[in-house]
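>>> Dropping a prediction and its sequence here:
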Amino acid sequence: MSMGSAPAGARGRRRMGGMNDINVTPLIDVMLVLLVIFMVTAPLLTTGVQVDLPKVRSAPMQADDTKMLVIVTADEHVFLGKDEITDAVEEKLKTNARLKEERELFVQADESVKYGTVLRVMAAARSAGVEKLGMITDPLVVK
């Protein structure tokens, strides 16, 4: 009785392996359902302070809930998200945990607000450690 050193498949028997393809159909189904859910709920979540944005020629940038916003209204009230900041804008921004982590802020100012007021808010944001500062505008519609 000798033990052969031939490979297992060499003796005439075929090994049956597992299936090599991954079925991605359930993954695609779940992703499509999530996409529809997010498309339906996203417009419902965009509520906030109403401001008349300046109209400029630029790529459209819409405000949404994923962006951290500082809003300056026509009567020069400043809001961080939906909460009004009555005094010490810089201190409120410095103590905001989300802003410390993300270091990104978007300014949404009414068209009639004085330039100096917007600059003071932007300077306070820079002093609070904001590295990326953006402006939210309405795209200009040319007819």
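Structure received.

>>> What helices and strands are in contact with the lengthiest helix in the chain?
The longest helix of the chain (DSSP state H) is helix 25-45. Judged by 3 or more Cβ pairs under 8 Å, 6 or more residues apart in numbering; DSSP states H and E, helix 25-45 is in contact with no other helix or strand. In short, each C-beta sits where N, CA and C put it, glycine included.

>>> What segments of this structure are strands?
55-56, 69-72, 78-80, 83-85, 104-109, 132-135, 138-139 (DSSP state E).

>>> so can I have a markdown table of those showing mean neighbour count and distance to T41?
Below are those laid out as a markdown table (neighbours: other Cβ atoms under 10 Å; distance: least, Cβ to Cβ, whole Å):
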| stretch | mean neighbour count | distance to T41 |
| --- | --- | --- |
| strand 55-56 | 11 | 28 |
| strand 69-72 | 23 | 19 |
| strand 78-80 | 19 | 23 |
| strand 83-85 | 13 | 23 |
| strand 104-109 | 20 | 21 |
| strand 132-135 | 14 | 24 |
| strand 138-139 | 14 | 23 |
